[in-house]
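>>> structural data only, the sequence is not supplied:
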């Protein structure tokens, strides 16, 4: 896997763990954009016939995008990780999706997410984001999704 500076462990921003964790690291994160990487291994639950499935690409995109909104639940005002924060989140809608190509086992994919809109209240956040997934310079997947995230209380 390619080496990056200042990587952030995605597990700081997601409740997901193996076998449902579809992102290895966050390599860039701002309040409106994110970039992640993920190495596709043969034992991944979304691998079939040597390829990472469409469902895996959707889950990778959703997990990538959720870190944009999720960071506000997991970081304090000094950008320090809060302890004992638990959230629930899910895809509340997929506005559009295009799968151009499936990546092979052993590939490392890079997914970019951009926040389009966001609604927050005291109980939850809803965001609309676009995402694009690449393997090297080849566009594999693109989507516009809505995510719902709420802190467990």
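Good, I have the coordinates. Computed from a predicted structure; not experimentally measured.
>>> against residue 125, how distant is the spatially most central residue of the chain?
With distances taken as Cα atoms, centre = their mean, the residue of the chain nearest its centroid is residue 64 (1.3 Å). From residue 64 across to residue 125, the span is 16 Å (Cβ to Cβ, to the nearest Å). Using the backbone N, CA and C atoms, a C-beta is placed for each residue, glycine as well.
>>> quick one: low-confidence ranges for the protein?
Across the chain, the ranges flagged by pLDDT under 70 are 1-17, 73-76, 79-82, 85.
>>> all helices of it, in order?
54-74 (DSSP state H).
>>> need the strands for it, in chain order.
Using DSSP state E, the strands of the chain run over 8-9, 25-29, 33-39, 47-48, 51-52, 87-99, 108-120, 124-135, 138-151.
>>> with distance to residue 59 added, can I get the ones you listed in TSV?
Formatted as TSV, these follow (distance: least, Cβ to Cβ, whole Å):
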stretch	distance to residue 59
strand 8-9	18
strand 25-29	16
strand 33-39	10
strand 47-48	12
strand 51-52	10
strand 87-99	9
strand 108-120	11
strand 124-135	11
strand 138-151	11
